[in-house]
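In: Make a model of this:
(chains A and B)
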Amino acid sequence: MKKNFYQPIEAVVEDIIEETPTIKTLVLRPKSDFSFQTGQFIEMTVPGLGEAPFTPSSDPGIKEKIDVTIMNVGRVTSKLHNMNKGQIVGIRGPYGKGYSLDDFKRKDVLIVGGGVGLAPLRSLLFSLFSSIDNYNKVVLRYGARTPSDIVYKNALPEWAKKKKVDVVTTVDVGDSSWKGNVGLVTTILKDLPVDLKKAISVVCGPPIMMKFVTLKLLDLGFKPQDIYLSMEKNMSCGLGKCGHCRIGKYYACKDGPVFTYGQLKDIHDIWD
Amino acid sequence: METYFLKAEDIFRFYDRISCDFELYVPVKIEIPSRVKCDYGFSLPGDDYLLKKYSPVRGAVSLDDNTKVSNGVNKEEIVFNEYRTIEPTRTFFTPAKEEICSYFEEETKKPKEKPLALCGIKNCDLFSLKIQDFVFLGGNEPDPLYEERRENALIISSDCTSFKEVCFCKAFDINPHVSEGFDINLSPLNDGYLVDVGSEKAKKIIESIKDILTPATAGQLSAREAKRDSVIKRLQGHLSHHKIPKKDTLQDIVLSGYNSQVWQEQVLTCVECAGCVFMCDTCHCFLLTDERSVENAKRLRIWDGCMFKNFAKVAGGANPLKMRYMRLRNRYLKKFDFFIDNLGIQACCGCGRCIEVCPGKIDIRYILRKLYEEKFLPTH
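Out: As a prediction, the model looks like this:
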């Protein structure tokens, strides 16, 4: 019998990093070879409970470990949040098409993240950083609901110090200790240090945020084919068979999860 | 293609031969002595057929598994099915609930399944298998369970000699008799069957039962054509009353009808039983789910359906198909937009199983006709 692709491989939860009150990063060590390209997703299994799709947030160049940043929102994710170091999860994949880094070369890369949507973008950032000479510059605009909802708090200032990298963060609602920008992420998309003639943009976040960021980017002059969106649906099989993640003529699991707005713009209700 | 004549009295020898190498399923009738009267004068049969496991005649084959014999169907029950069975053919290739793998440990070698032989498959079912093949053999990788079953299976199709009120294959240019995609085809004729040999696999079997076959005569072949034409003509007469749009308009009308009122109107009687998707021979959606025990947990593949409320819901709570009418519309978009874009054919074979099963009397023929009329025959 051929390899059964529905069967996961084992991975040990090696570390658990608490990013925010509702978001944790699980550091996994797969027991057999596993690699992915930035933007591709995996199916992660809690044995006896079920699976859910996640896009790894770590550097694809690091093979022995995979970080998965998880928000506690559902049945599987709440169980994952209660995991302890040393416990076993299952992973299978990677699935789908990731970010096409070849198209980003010699470009100004604008990355717009919202909330836990920064997770796949962190993986993309690591990929860009590791061959930064290929790109003109990397501009990150990140919005979270409140200061305590910001993920990768320690990494953001580090990234800002890198050459050719520009980082601005905002929160929807500030608190007494917050000295930074307050407002939705669209408010920090003004006066962007990018040259539209050679810029592409990458957006990941909740659907409502992606919708308004896309409209803003179109307004600024980005072409639909230069706006990359992460359309993460409820993929079950990951292989273009189970039918759950259809978007028009595409399946998010097979043709995505990264699409350009150019591919999606004529499809009804893509933000719902 | 080679065609032979098999006498009616030899049909069990034919079945016996098949059941030597295959797990054979044969048609039986469920007695429902009613006829469906249409207001335009047609009176159509209401009987239903099922495929049941065949038990070989004692002595004809070695009986190594007694349970199979006792589970089998009584010979007296076996009939020729005039039209498709109640259940979709896909149940044989992707059962409603099936264990697909264990967790991490090496696959234990499962006992090899005896290959399936399905008798009484109709052309609508064969059309649907194109969709199932595209899904389960195509995509990123072929599904290992489906691939094995499908490749080893023997498809014994047969001509429709009648049709149900809900049948509308011919509206989409699908004939009530086969022309490709089968191994063996049976066409009833007088006191026997014409037997077409459609594959190499079938050829070997036919070779071994040459003693009960005679080459078909020209007269028999033309008699079959006449019978086929007469069924088509009668079916077309029936379909003319339903005004179902032609297949080359389907994608156009479902896309332009996105905001049509028909979805909300027609979904009013929907009770969300998902009978339409489960009885559909082209539907294929499934969910991977895990048995709730940590010890020896198993991964199951169960049928899912886009008429269920949570079909497209994501963990965060967003649901792109939150309203019933959206789910009804989504079903049509999948069938007539997605599949036409990706495979070039609509995911509907005109078998009418969805119409028959629906307790809300939601009728695909009516919805397509409405969408067509709204686009091409607007009233002012």
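In: Just the element for residue B:272, please.
Out: Taking DSSP states H and E as the definition, residue B:272 sits outside all helices and strands.
In: which one is residue A:5 nearest to, not counting chain neighbours?
Out: Nearest-residue entry for residue A:5: residue B:141, 5.7 Å, with adjacent residues in sequence omitted and distances by Cβ to Cβ, 6 or more residues apart in numbering or on different chains. No exception for glycine: its C-beta is placed from N, CA and C like everyone else's.
In: what about that neighbour, how many neighbours?
Out: By the measure other Cβ atoms under 10 Å in any protein chain shown, the count of residues near residue B:141 is 14.
In: and if you look at residue B:41?
Out: Per other Cβ under 10 Å, the neighbour tally for residue B:41 reads 9.
In: Nearest residue to residue A:177 in space, please, no chain neighbours.
Out: residue A:147 (6.9 Å).
In: Which pLDDT does the model give the one you found?
Out: Reported pLDDT at residue A:147 in the predicted model: 96.
In: ditto for residue B:59
Out: pLDDT recorded at residue B:59 is 36.
In: same check, this time on residue B:292
Out: Confidence score, pLDDT, at residue B:292: 73.
In: State whether it and residue A:48 are indeed in contact, as I suppose.
Out: Yes: applying Cβ atoms under 8 Å, one finds residue B:292 in contact with residue A:48, separated by 5.7 Å.
In: which of those two has more neighbours?
Out: Between residue B:292 and residue A:48, counted using other Cβ under 10 Å, the more crowded position is residue A:48 (16 against 9).
In: Tell me the residues on the stretch 1-150 of chain A that lie near chain B, please.
Out: A:1-10, A:45, A:47-52, A:71, A:73-77, A:90, A:95 (Cβ under 8 Å from any Cβ of the partner chain).
In: what's around residue B:30, how many residues?
Out: Neighbour number of residue B:30 under other Cβ under 10 Å is 11.
In: Over to residue 90. Which of the three states is it?
Out: Answering for chain A, as no chain was given. strand (DSSP: H, G, I helix; E, B strand; the rest coil).
In: wait, chain B
Out: Note that with three-state DSSP, the state of residue B:90 is helix.
In: Okay, it and residue B:125: tell me how far apart.
Out: 9 Å (Cβ to Cβ, to the nearest Å).
In: quick one: common contacting residues for those two?
Out: residue B:281 (Cβ atoms under 8 Å, 6 or more residues apart in numbering or on different chains).
In: What's the separation between the residue in the stretch 151-300 of chain B that chain A sits nearest to and residue A:5?
Out: Using Cβ to the nearest Cβ, the closest approach of the stretch 151-300 of chain B to chain A is made by residue B:285 at 3.4 Å. Residue B:285 is 18 Å from residue A:5, where distance means Cβ to Cβ.
In: try residue B:308
Out: For residue B:308 relative to residue A:5 (Cβ to Cβ), the value is 25 Å.
In: same thing with residue A:205?
Out: Distance, residue A:205 to residue A:5, by Cβ to Cβ: 30 Å.
In: Equivalent analysis for residue A:169, please.
Out: 40 Å.
In: Same check on residue B:209?
Out: Residue B:209 sits 40 Å away from residue A:5, going by Cβ to Cβ.
In: quick one on the thing from earlier: what's the neighbour count on the residue nearest to residue A:177?
Out: Residue A:147 has 19 neighbouring residues, counting by other Cβ under 10 Å.
In: Hmm, it is touching residue A:171, no?
Out: Yes: counting by Cβ under 8 Å, residue A:171 is a contact partner of residue A:147 at 5.5 Å.
In: Find the residues that touch each one of those two.
Out: Counting by Cβ under 8 Å, 6+ apart, the residues touching both residue A:147 and residue A:171 are A:178, A:180.
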